[in-house]
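K.L.:
just the structure for this:
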Amino acid sequence: MEIERRVRWYQRPLDKFLLTGGKRAIEIAHRRWGKDEIALGVTCQLAHQRVGSYWHCLPEYAQARKALWTAVNPHTGKRRIDEAFPPILRESTNEAEMFIRFKNGSTWQLVGSDRYNSLVGAGIAGVVFSEWALANPSAWGYIRPMLEENDGWAVFITTPRGRNHAKAMFDMAKDSPRWFAEVSTIYDTRALTSEQLDESLKEYVALYGEDLGRAQFEQEYECSFNAAILGAFYAREMVAVRKEGRIVALDAMPDIPVHTAWDIGVRDDTSIWFFQVVGTQVFVLDCYSASGVGVDHYASIVHERFAAHGWRKGVDFVPHDAKVKQWGVPEARTRVETMAEYRLRPELVPMASKLDGINAVRRTLPRCVFHPRCEDQGLAALEQYRREWDDEKKAFKQSEVHDWSSHLADAFRYLSLSWRSVPLEIEPARIKPPPGKMIVPPLPDERSGRRTRL
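P.N.:
Got it, this is the predicted structure:
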């Protein structure tokens, strides 16, 4: 059966690359380029050339239903997924799980990068990351081994959102013979007339004001990576970090302790920053974020990185709720006690309101020098961390958007509240025995003649 597809002239390079066996592609394109449309069409064709599981991943699972599953093409009056995957090709459709099984045995499903660690797929043959600049970059690290094992393909489609992980991936891809990498601005495609562009710019200015409105237009239509992210808490400070060249491959000072700052998640990510205080500067050496694992996992990550780099161990700064919340252990122990059992040195962050913490970050960032290891996750999160937009009031709320970036941003807030009080000398960690038990000291050397009282 032949299914008619309409491919615009400026979509053809990406379409051809994927249909002729290309495995990795990133398309940075303006709004209304037709990114999801072309990705869905390619997926349908490839799913009927090779039986396998295919995913379409949005930044958040909750967005998937509204953005694609129930979305209607205003020009045709049909659902977008019905245009991409005609019902005649399907064996079954699961509305609740947004899952389609085709008659040839392939499957397609909408998923979210905020739930990446719950994804299980033995035969993943292809994945589309839609709005990649807003997605959790850890999702690609989780899915990539599945695709490599199955010789599968991946395509990343997005408009820019600052100089975050999408920009870093594009910079890598454009120099790689294995990748397709393209930036398509509105001036490249001429998809809109000058009158339509003028109208769009006026709408943005009316909605967000002159400066933010123009920045939004540059981001959405001119594909500018330098445009400020709407509502970003640390936009000015992060622009200064990049302009002043404060992302360098620095080494930790050997005689100064390296500390960590944690945001401990219950059902969300746990995020960790590794930092060192050198005079009035803060060397930010690394970061890590994951979910669905216990304290033993994070303790092993910390110890491995200290051993690999030869860092001198400092303090592990944790929020105050670490005193009361459990980490899924059977016995009723606080997280601070559990961390101590794994040879960590937990210390509570000074009490402060979230607003005071945000101000502390703004004062701390001008003192920071970041290692490039922080680029994909850490720096991207600090640039992405932003306020919610209230469509009714046409203003930003005080509350933040709670997504993958908020966990690393919270951990950095704890770093900013703690770095001024770090100790210069660190006492050896003391391991507390479990309740009702005692730790027996090692027996003395027989030749010492010394006695030990138990």
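
K.L.:
drop to CA atoms for contacts and neighbour counts, all remaining ones
P.N.:
OK.

K.L.:
in the stretch 1-150 of the chain, which spans are strands?
P.N.:
Under the criterion DSSP state E, counting those that start in this stretch, the stretch 1-150 of the chain contains strands at 24-29, 53-58, 90-94, 99-102, 107-112, 124-130.

K.L.:
the stretch 351-454 of the chain too?
P.N.:
For the stretch 351-454 of the chain, applying DSSP E, counting those that start in this stretch gives strands covering 368-370, 387-390, 395-400.

K.L.:
mean neighbour count, those strands: which tops it?
P.N.:
Across these, averaging neighbours per residue (mean count of other C-alpha atoms under 10 Å) puts strand 368-370 on top, at a mean of 21.

K.L.:
what does it rub up against?
P.N.:
241, 246, 247, 248, 249, 250, 281, 282, 283, 284, 285, 286 (C-alpha atoms under 8 Å, 6 or more residues apart in numbering).

K.L.:
state the distance from residue 374 to residue 87.
P.N.:
Per C-alpha to C-alpha, to the nearest Å, residue 374 is found 45 Å from residue 87.

K.L.:
show me the protein divided up by domain.
P.N.:
The record's domain parsing of the chain by automatic domain parsing lists 9-189, 194-230, 258-421.

K.L.:
quick one: average confidence on the last one?
P.N.:
For domain 258-421, mean pLDDT rounds to 88.

K.L.:
what about that domain, how long is it end to end?
P.N.:
End to end - C-alpha to C-alpha - domain 258-421 spans 13 Å.

K.L.:
one step back: highest neighbour count among the contacts of strand 368-370?
P.N.:
residue 284 (27 neighbours; other C-alpha atoms under 10 Å).

K.L.:
parallel or antiparallel, which strands does the helix or strand where that one lies pair with?
P.N.:
Using DSSP states H and E, residue 284 maps to strand 281-290. Note on strand 281-290: by DSSP bridges, its sheet partners are strand 270-278 (antiparallel), strand 368-370 (parallel).

K.L.:
wait, which of the ones you listed is closest to residue 6?
P.N.:
strand 270-278 (44.0 Å; C-alpha to C-alpha).

K.L.:
list the buried residues of the closest one.
P.N.:
By neighbour count on 16 or more other C-alpha atoms under 10 Å, the buried set for strand 270-278 is 270, 271, 272, 273, 274, 275, 276, 277.

K.L.:
quick check: of the residues you listed, which lies closest to residue 262?
P.N.:
Distances from residue 262 to the buried residues of strand 270-278, taken by C-alpha to C-alpha, are shortest for residue 272, at 4.6 Å.

K.L.:
contacting residues for that closest one?
P.N.:
By C-alpha under 8 Å, 6+ apart, the residues touching residue 272 are 260, 261, 262, 263, 287, 288, 289, 408, 411.

K.L.:
from memory the last one sits against residue 273, does it?
P.N.:
Yes: using C-alpha atoms under 8 Å, residue 411 and residue 273 qualify as a contacting pair, with a distance of 6.8 Å.

K.L.:
now do the shared contacts for these two.
P.N.:
Shared contacts of residue 411 and residue 273, counting by C-alpha under 8 Å, 6+ apart, come down to 261, 262.

K.L.:
can you give me the neighbour number for residue 12?
P.N.:
For residue 12, the neighbour count with other C-alpha under 10 Å is 12.

K.L.:
I should have written residue 405 there, sorry.
P.N.:
With other C-alpha under 10 Å as criterion, residue 405 counts 26.

K.L.:
which residue packs closest to it, ignoring adjacent ones?
P.N.:
Distances taken as C-alpha to C-alpha, 6 or more residues apart in numbering place residue 381 nearest to residue 405, at 4.3 Å, with adjacent residues excluded.
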